[in-house]
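Asks: Fold the following, please.
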Amino acid sequence: MVKVMVIHGPNLNLLGIREPHVYGSLTLDQVNERVQQQAQELGMEVRIVQSNHEGELVEAVHQCHSWADAIIINPASYTHYSVALRDAIAAVRLPTIEVHLTNIYAREAFRHRSVTGQACLGVVSGFGAESYRLALRAAKHAVEESRG
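Replies: Here you go, the predicted structure:
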């Protein structure tokens, strides 16, 4: 069974309230329910964590080393400047998929650069909550390919 840690970054706890015209009307609980459902359908085990604090996100990535086969992370605003989070992702050496609800390349110029994405296997962005479900499939594929 493929084990995946899903990590949500800052302000994602406000989904459904925060700029629904940009981020959609689903709450984080609803997104997590969809992730859990998709994981069950794919025969995967998923743990989910959310934090607004960079250090807690780094710790969550570190904890993946001893449990997870892969990571799905939405670093949110930390995407664009968190070298600490980027280095944590690189250090655990697990297939990591970066996720964004919106297409970061179709938004403000400062969002076009992903520091964290440089340490990831791939990036899924612009598909709303479906981005997470697509990332689950990609993570499962990456882990199964690595196992042979």
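Asks: helices and strands around the one helix or strand Ile71 maps to, which ones?
Replies: Secondary structure assignment for Ile71, by DSSP states H and E: strand 70-74. Counting contacts by 3 or more CB pairs under 8 Å, 6 or more residues apart in numbering; DSSP states H and E, strand 70-74 packs against strand 2-8, helix 54-64, helix 83-92, strand 96-100, helix 130-147. Where you see a C-beta, it was placed from the backbone N, CA and C, and this is true even at glycine.
Asks: go again using 6 Å as the cut-off
Replies: strand 2-8, strand 96-100, helix 130-147 (3 or more CB pairs under 6 Å, 6 or more residues apart in numbering; DSSP states H and E).
Asks: Now stretch 32-42: buried residues?
Replies: Neighbour counts over stretch 32-42 (16 or more other CB atoms under 10 Å) mark Asn32, Arg34, Val35, Gln38, Ala39, Leu42 as buried.
Asks: For this protein, which helix or strand comes out least confident on mean pLDDT?
Replies: helix 20-23 (a mean of 68; mean pLDDT, DSSP states H and E).
Asks: Quick one: residues in contact with the next helix or strand after that helix.
Replies: Where DSSP H and E defines the elements, the next helix or strand beyond helix 20-23 is helix 28-42. Contact with helix 28-42 is made by Val6, Leu12, Asn13, Leu15, Val46, Ile48, Ala129, Tyr132, Arg133, Leu136, Lys140, as judged by CB atoms under 6 Å, 6 or more residues apart in numbering.
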